[in-house]
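1. Pasting a predicted model and its sequence here:
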Amino acid sequence: MAEDGGPCVVAAVGQGGLCLIAVDAQAHALGLRPGEPLARARARIGTGIAVYPADPEADAAALERLCVWARRYTPTVAPFGAAEGGDGLFLNIAGASHLFGGEAGLIADLAERLAKNALPARLALADTPGCAFALARYGGARSRAPIVPPGGNAAVLRDLPVTALRLEPGIAASLRRLGLRRIGALAEAPRAPLARRFGQDLLTRLDQALGHRPEPLLALGEAPSFRATRGFLDPIGHQDVIVAVVRDLMGEVAPRLEAAGLGARALRLTLHRVDGHASTLDLGLSDPTRCPAQVGRLLDLRLDRLGRELDAGFGFETLRLDVTATGPIRPIQVRLVGGASAGQGIGRLADALRQRLGRRLGRPEFRESHIPERASAPRRWMPPDRAHPARRRAAEGPPCRPLILLRTGEAAQEVFSLAPDGPPQRFRWRLRLHRVAHAEGPERIAGEWWREDAPVRDYYRVEDEAGRRLWLYREGFHSANAAARWFVHGLFA
């Protein structure tokens, strides 16, 4: 609650600016809901709102602490994932409820302890995680903590919305347009047309909620082990043999990764010599992979770079491959002729360069800002997931952004331009006088409306008589008392 007793909300940058992602009870009573733009909420209720910035890392840490505390009821505690919203947890109380006087006693004790710690919660108990989640999230005021009897999933889920099945928003919206708004209607619809139109994930979620298909929970602190080991009676030491063995080891791990829907993001190869010495090699990948051939190629490049630094001595008697970091792999549509997509090709090139050069690669990360110096920041290399609008425009015609962007605009002196919106005719920059032969613009770029220092700039692409192409902008406007200021912000190739 705010210091003045008003409503409190948590906001984060979304589509169209700041959006609400969480509201307190008072804000909820005023009609505020997560997903609503903050500006609209302020204009609609006409009262002061205490706005706090979102902190996903702190939320995840708090949820993990809550899961650790919940182990007093059962050792199997699984935090919600992205599909559930990341704001709750599952408890598998099979074989543990009798310690609290039965299922009803356990639920009552859990609700009481959460309430004493000012943690509002919606509880539900069912024989499948999907059914329990649907009732807790979408059960409404039917019961504070409903307990579904064994085999009663279909009856209690019938009237709940299809969104309760943890579907992607696009699939849920398409189902509603088809008139399939309730889980009961979806369960009675023919399965084959649904699978052809929406894929198997829809039917999987439905079967998991109804109990027709198992849904194992990954308990907190229980990370799957993806490891393969190979021992040799005759020690090995040749590079080609080591690479071939690692490909085989990855081939053993790949089915287990596929069953978990994961791919390897980082691997560690441990080579044990006959004299007891162990050497380790770490491989990092841009994209999660389960391809043994790709791992073999990267290891081959790494061994080429190491050369004699990897001392095999009298040979290696044991090789162990561990997957030290994983990432989800989503099914993608491949081309009919086969081969990797453009994004995969870039990622594999970056992996190969990293193994060959032995250095970490970087790339610019795009930010939600119109101002060029705020629109990107350096970060560790990861493959781009989508084309940035500036890249798309560059592919369609002449580049509209310079190859070299200065950290901040450098002031241009002795600027002569045709007011009010004409391009500069000449200017001095870095002690050199530039006479403009060609110019394009202006392109107006304004800052974000929610920033106090939101500047308004008019950018021009100019080419001087010597063929140099620069990116200039005018800040402010000409007036009777002062002239506008000009800055050089980048250079084109």
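-> Received the coordinates, thanks.
2. From here on, just use CA atoms for contacts and neighbour counts.
-> OK.
3. residues making contact with stretch 92-111?
-> 73, 74, 76, 77, 121, 123, 145, 147 (CA atoms under 8 Å, 6 or more residues apart in numbering).
4. between those, which is closest to residue 471?
-> The closest of the contacts of stretch 92-111 to residue 471 turns out to be residue 121 (CA to CA; 55.1 Å).
5. thinking that closest one is in contact with residue 113, fair?
-> No: counting by CA atoms under 8 Å, residue 121 stays clear of residue 113, with 10.6 Å between them.
6. Put together a markdown table for the contacts of stretch 92-111, with pLDDT on each row.
-> A markdown table is the format used below for those (pLDDT from 0 to 100):
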| residue | pLDDT |
| --- | --- |
| 73 | 93 |
| 74 | 91 |
| 76 | 89 |
| 77 | 92 |
| 121 | 90 |
| 123 | 93 |
| 145 | 66 |
| 147 | 90 |
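7. tell me the two of those that are most distant?
-> Spatial extent of these (CA to CA) is set by the pair 76 and 145 at 20.0 Å.
8. thinking again about what came up before, which among the contacts of stretch 92-111 count as buried?
-> Neighbour counting by 16 or more other CA atoms under 10 Å classes 73, 76, 77, 123, 145, 147 among these as buried.
9. ok, the closest residue in space to residue 139 that isn't next to it in sequence to residue 256 distance?
-> Counting by CA to CA, 6 or more residues apart in numbering, residue 139 lies nearest to residue 160, which is 7.2 Å off, once chain neighbours are set aside. Distance, residue 160 to residue 256, by CA to CA, to the nearest Å: 35 Å.
10. So this protein: which segments form each domain?
-> Here the domain assignment for the chain is 8-54, 66-210, 227-335, 404-491, based on automatic domain parsing.
11. Rebuild those domains as CSV, extending it with distance to residue 353.
-> As requested, those are exported to CSV (distance: least, CA to CA, whole Å):
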stretch, distance to residue 353
domain 8-54, 35
domain 66-210, 33
domain 227-335, 9
domain 404-491, 23
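12. So which of those is nearest residue 377?
-> domain 404-491 (10.6 Å).
13. tell me the mean pLDDT for that closest one?
-> When pLDDT is averaged over domain 404-491, the result is 87.
14. centre of the chain versus it, how much separation?
-> How far domain 404-491 lies from its chain's middle: 37 Å, per CA atoms, centre = their mean, to the nearest Å.
15. Ends of that domain, what's the gap?
-> First-to-last residue span, domain 404-491, CA to CA: 5 Å.
16. Helices of the stretch 1-150 of the chain, residue ranges please.
-> 25-29, 38-45, 56-69, 103-116, 129-138 (DSSP state H, counting those that start in this stretch).
17. got it, and the stretch 201-350 of the chain?
-> Listed from the start of the chain, the stretch 201-350 of the chain has helices (DSSP H, counting those that start in this stretch) covering 239-259, 292-306, 342-357.
18. May I see the buried residues of the shortest one?
-> Of the residues in helix 292-306, those buried under the neighbour-count criterion (16+ other CA under 10 Å) are 292, 293, 294, 295, 296, 297, 298, 299, 300, 301, 302, 303.
19. Now do it against helix 239-259: the angle between them, please.
-> Here helix 292-306 runs at an angle of 140 degrees relative to helix 239-259 (axes from the mean of the first three to the mean of the last three CA atoms, to 10 degrees).
20. Summarise which helices and strands helix 292-306 is packed against.
-> helix 239-259, helix 342-357 (3 or more CA pairs under 8 Å, 6 or more residues apart in numbering; DSSP states H and E).
21. Quick check: residue 188 vs residue 206, distance?
-> 11 Å.
22. Compare those two (neighbour count), which wins?
-> residue 206 (22 against 9; other CA atoms under 10 Å).
23. ok, that one touching residue 167?
-> No: Residue 206 is not in contact with residue 167 according to CA under 8 Å; the separation is 9.5 Å.
24. quick one: low-confidence ranges for the chain?
-> 1-5, 140-145, 221-224, 331-347, 356-364, 379-399, 419-420, 452-454, 480 (pLDDT under 70).
25. So in it, which strand runs the longest?
-> If you go by DSSP state E, the chain has its longest strand at strand 432-446.
26. Strands of the stretch 51-200 of the chain, start to end?
-> Using DSSP state E, counting those that start in this stretch, the strands of the stretch 51-200 of the chain run over 77-79, 89-91.
27. Just checking: what are the partner strands of the last one?
-> Applying DSSP bridges, strand 89-91 is found paired with strand 77-79 (antiparallel).
28. And the contacts of the partner strand?
-> For strand 77-79, the surrounding residues in contact (CA under 8 Å, 6+ apart) are 63-64, 67-68, 70-71, 86, 88-92, 217-220.
29. could you flag which of those residues are buried?
-> Looks like these have 63-64, 67-68, 70, 88-92, 217, 219-220 buried, using 16+ other CA under 10 Å.
30. coming back round to it: could you point out which element follows the longest strand of the chain?
-> Once the chain leaves strand 432-446, the next helix or strand it forms, by DSSP states H and E, is strand 456-464.
31. Between strand 432-446 and that next one, find me the angle.
-> 150 degrees.
32. Packing partners of strand 456-464?
-> By 3+ CA pairs under 8 Å, 6+ apart, strand 456-464 packs against strand 432-446, strand 469-475.
33. now the strands for the stretch 251-400 of the chain?
-> Under DSSP E, counting those that start in this stretch, the stretch 251-400 of the chain gives strands at 262-273, 278-289, 316-328, 362-366, 376-380.
34. Kindly state which of those is positioned closest to residue 230.
-> strand 316-328 (5.4 Å).
35. Please render the strands of the stretch 51-200 of the chain as TSV that adds distance to residue 404 to the earlier fields.
-> Formatted as TSV, those follow (distance: least, CA to CA, whole Å):
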stretch	distance to residue 404
strand 77-79	45
strand 89-91	48
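36. Spell out the secondary structure type for the closest residue to residue 433 other than its chain neighbours.
-> Leaving aside its chain neighbours, residue 433 sits nearest to residue 427 (5.9 Å; criterion: CA to CA, 6+ apart). Secondary structure, DSSP: H, G, I helix; E, B strand; the rest coil: residue 427 is strand.
37. For residue 427, give its distance to residue 263.
-> Between residue 427 and residue 263 the distance is 55 Å, computed by CA to CA.
38. got it, and residue 37?
-> Counting by CA to CA - residue 37 and residue 263 are separated by 36 Å.
39. now residue 325
-> 9 Å.
40. Comparing the two, which residue is more hemmed in?
-> Using other CA under 10 Å as the criterion, residue 325 and residue 263 rank with residue 263 on top: 23 against 16.
41. Quick check: the more buried one vs residue 226, distance?
-> Separation of residue 263 from residue 226 (CA to CA): 10 Å.
42. same deal with residue 446?
-> Separation of residue 446 from residue 226 (CA to CA): 50 Å.
43. out of the two, which sits in the more crowded spot?
-> Comparing residue 446 with residue 226 by other CA under 10 Å, the one with more neighbours is residue 226, at 20 against 14.
44. Let me know whether that one touches residue 258 as I believe.
-> No: in this structure, residue 226 is not within contact of residue 258 by CA under 8 Å, at 11.0 Å.
45. show me what contacts the nearest residue to residue 489 once chain neighbours are set aside?
-> Leaving out its chain neighbours, the residue that sits closest to residue 489 by CA to CA, 6+ apart is residue 409, at 4.5 Å. By CA under 8 Å, 6+ apart, residue 409 lies in contact with 487, 488, 489, 490.
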